[in-house]
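[1] Structural data only, the sequence is not supplied:
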């Protein structure tokens with residue numbers, strides 16, 4: 001099924017004119033209905049250009065996209081309508097576009113200046129659009145840049161909506177249209193896309209519902225499907241032919257086949273997107289985890305460095321304090337030693353306790369003074385008296401010895417009193433005539 005579909009698209013590409021290749025779009029096997037007959041709503045304001053209505057295709061078949069007035073992307077641009085073209089086995093839609101000139105649009109007579117080739121509805125002049133009142137509904141009281149020129153259609157007056165195949169137009173691009181196809185193009189505006197979207201959700205615009213005669217054939221502005229400016233179709237462009245049962249069955253089968261393919265493609269895209277999202281989330285999570293780990297490691301290293309620095313500082317401080325304490329103790333010991341030495345040097349020299357302990361503590365009695373050599377003769381006593389003994393010399397009390405050092409052996413006790421000096425002999429008084437020698 002997929003291979004046959006690819007072959008079908010290849011044939012379509014070969015059959016479609018070269019000017020249409022860049023516009024290639026969707027394709028179906030059932031021809032679109034004829035263009036409905038309707039009138040054009042009045043232009044809402046100066047500068048709006050007409051874009052004709054056309055049949056588009058959706059899941060439920062063809063639906064009508066109402067014609068409307070739109071503002072071009074910029075001044076000087078003209079609209080080339082899209083068109084359906086038969087490619088040999090299917091119809092393909094060629095998208096419209098904005099450009100400096102109007103290109104090939106399949107020879108389809110959309111009306112209102114689009115007679116099948118070129119555009120006769122107006123032209124740009126110094127940034128202002130001039131409307132041809134012969135094909136455009138213009139209020140000349142409000143819009144003055146107008147003119148009137150009869151437009152001659154180059155095609156047979158009919159309402160066929162496609163090029164090629166059975167019953168389609170047989171037009172081919174002119175040299176001017178070929179040139180226009182190679183110019184710079186601008187796609188449909190957002191307002192035009194809004195018009196298509198609104199039409200695709202309105203069941204009253206389905207060809208199967210309105211038989212080729214839509215209730216909303218044209219609007220004054222894109223997306224405005226209600227109000228006084230909405231125009232209904234007067235009649236269908238041709239009797240509507242519903243798809244034959246076999247064609248309907250084929251169309252339904254194609255739609256059913258397309259739905260699973262689209263569903264599968266959507267599911268695949270969703271799975272791919274989910275996988276990408278999961279991969280992105282996992283990558284982001286890994287990156288976040290790596291960043292967190294790096295931050296934690298950095299914080300841990302910083303903390304460890306701070307702790308080591310604090311420990312080193314504390315150790316240095318402790319060592320400095322210990323050193324200061326040791327130095328102070330050493331200084332104190334040295335100072336005490338020097339003080340003791342100075343005190344010892346200042347003290348008078350004393351006898352050694354061991355030597356002093358051997359000497360008696362009592363001082364020796366001084367010897368009695370010797371009698372004078374020549375004394376005056378004493379008076380002669382009447383009786384021989386004994387001379388009075390010399391007074392006993394007072395024994396000098398010996399100075400106490402200094403206390404011996406601890407545990408020194410006690411010195412021997414000195415004698416209590418010194419021995420008295422021997423009494424002198426009593427001298428005999430010299431006799432008469434004797435001299436004292």
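    That came through fine. Owing to the predicted nature of the structure, the values given are computational and were not obtained by experimental measurement.

[2] Check what pLDDT residue 291 gets.
    Residue 291 is assigned a pLDDT of 79 by the prediction.

[3] next one: the one 4 residues further on
    Reading off the confidence values, residue 295 has pLDDT 76.

[4] For it, give me its contacts.
    For residue 295, the contact set (Cβ atoms under 8 Å, 6 or more residues apart in numbering) is empty. Any C-beta I mention is one placed from the backbone N, CA and C, and that applies to glycine too.

[5] now it: how far from residue 268?
    40 Å (Cβ to Cβ, to the nearest Å).

[6] what sits against the closest residue to residue 139 other than its chain neighbours?
    Excluding its sequence neighbours, the residue lying closest to residue 139 (Cβ to Cβ, 6 or more residues apart in numbering) is residue 42, at 5.8 Å. The contact partners of residue 42, taken as Cβ under 8 Å, 6+ apart, are 137-139, 220, 229.

[7] of the residues you listed, closest to residue 68?
    In terms of Cβ to Cβ, no member of those lies closer to residue 68 than residue 220, at 7.1 Å.

[8] correct me, but that closest one touches residue 69?
    Yes: between residue 220 and residue 69 there is a contact at 6.0 Å, judged by Cβ atoms under 8 Å.

[9] my guess is residue 237 contacts residue 38, does it?
    No: between residue 237 and residue 38 there is no contact under Cβ under 8 Å: 9.7 Å.

[10] Which one's more surrounded, the two?
    Ranked by neighbour count (other Cβ atoms under 10 Å), residue 237 and residue 38 place residue 38 first, with 23 against 19.

[11] any idea how far the more buried one lies from residue 220?
    Going from residue 38 to residue 220 by Cβ to Cβ gives 13 Å.

[12] Residue 118: what's its closest spatial neighbour, skipping adjacent residues?
    residue 102 (5.6 Å).

[13] Strands along the stretch 51-200 of the chain, start to end?
    With DSSP state E, counting those that start in this stretch applied, the stretch 51-200 of the chain shows strands at 54-58, 61-65, 67-70, 78-80, 83-86, 91-94, 97-99, 122-125, 128-132, 146-147, 162-163, listed in chain order.

[14] Export these as CSV, with columns for mean neighbour count and mean pLDDT.
    Shown next, in CSV, are the strands of the stretch 51-200 of the chain (neighbours: other Cβ atoms under 10 Å; pLDDT from 0 to 100):
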stretch, mean neighbour count, mean pLDDT
strand 54-58, 20, 96
strand 61-65, 24, 97
strand 67-70, 24, 97
strand 78-80, 23, 98
strand 83-86, 25, 96
strand 91-94, 23, 95
strand 97-99, 22, 98
strand 122-125, 15, 96
strand 128-132, 19, 97
strand 146-147, 14, 96
strand 162-163, 24, 96
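
[15] any low-confidence regions in the stretch 251-400 of the chain?
    Residues of the stretch 251-400 of the chain that meet the criterion pLDDT under 70 lie in 251-267, 269-270, 272-275, 277, 280, 284-285, 347-400.

[16] which strand residues sit across from the closest residue to residue 79 other than its chain neighbours in the sheet?
    Nearest residue to residue 79 in three dimensions, chain neighbours excluded: residue 51, at 5.3 Å (Cβ to Cβ, 6+ apart). Beta bridges link residue 51 to residue 68 when assigned by DSSP bridges.

[17] quick one: which of the strands of the stretch 51-200 of the chain is nearest residue 183?
    With distances scored as Cβ to Cβ, the stretch of the strands of the stretch 51-200 of the chain nearest to residue 183 is strand 97-99 (5.1 Å).

[18] Against which helices or strands is that closest one packed?
    In terms of contacts (3 or more Cβ pairs under 8 Å, 6 or more residues apart in numbering; DSSP states H and E), strand 97-99 is packed against strand 78-80.

[19] Need the contact partners of the strand it packs on.
    Outside strand 78-80, the residues touching it (Cβ under 8 Å, 6+ apart) are 49-51, 70, 72, 96-105, 119, 124, 180.

[20] Narrow those to just the buried residues.
    The neighbour count (16 or more other Cβ atoms under 10 Å) marks 49-51, 70, 72, 96-99, 102-105, 119, 180 as buried among the contacts of strand 78-80.

[21] Widest-spaced pair of the residues you listed?
    The most widely separated members of the buried ones among the contacts of strand 78-80 are 70 and 104, with 20.8 Å between them, by Cβ to Cβ.

[22] follow-up on the earlier one: which residues are common contacts for residue 220 and residue 69?
    Common contacts of residue 220 and residue 69 (Cβ under 8 Å, 6+ apart): 41, 44.

[23] Domain parsing of the chain, as residue ranges.
    2-240, 243-341 (automatic domain parsing).

[24] Which of these has the highest mean neighbour count?
    Of all the domains of the chain, domain 2-240 carries the top mean neighbour count, a mean of 18, counting by mean count of other Cβ atoms under 10 Å.

[25] May I have the distance across stretch 42-50, first residue to last?
    Using Cα to Cα, to the nearest Å, one end of stretch 42-50 lies 10 Å from the other.

[26] Stretch 212-219 too?
    From start residue to end residue, stretch 212-219 stretches across 17 Å - Cα to Cα.

[27] what comes into contact with that stretch?
    With contact meaning Cβ under 8 Å, 6+ apart, stretch 212-219 is reached by 33-34, 36, 38-41, 53, 64, 66-68, 195, 202, 204-205, 225, 229-233, 235-240.

[28] For the closest residue to residue 162 other than its chain neighbours, give me its contacts.
    Computed as Cβ to Cβ, 6+ apart, the closest residue to residue 162 that is not its neighbour in sequence is residue 84, at 3.8 Å. For residue 84, the contact set (Cβ under 8 Å, 6+ apart) comprises 31-32, 55, 91-94, 106, 108, 161-163.

[29] which one of the residues you listed is nearest residue 312?
    Nearest to residue 312 among the contacts of residue 84, counting by Cβ to Cβ, is residue 93 at 82.7 Å.

[30] Show the low-confidence segments of the stretch 1-150 of the chain, by residue range.
    Residue ranges of the stretch 1-150 of the chain with pLDDT under 70: 1-27.
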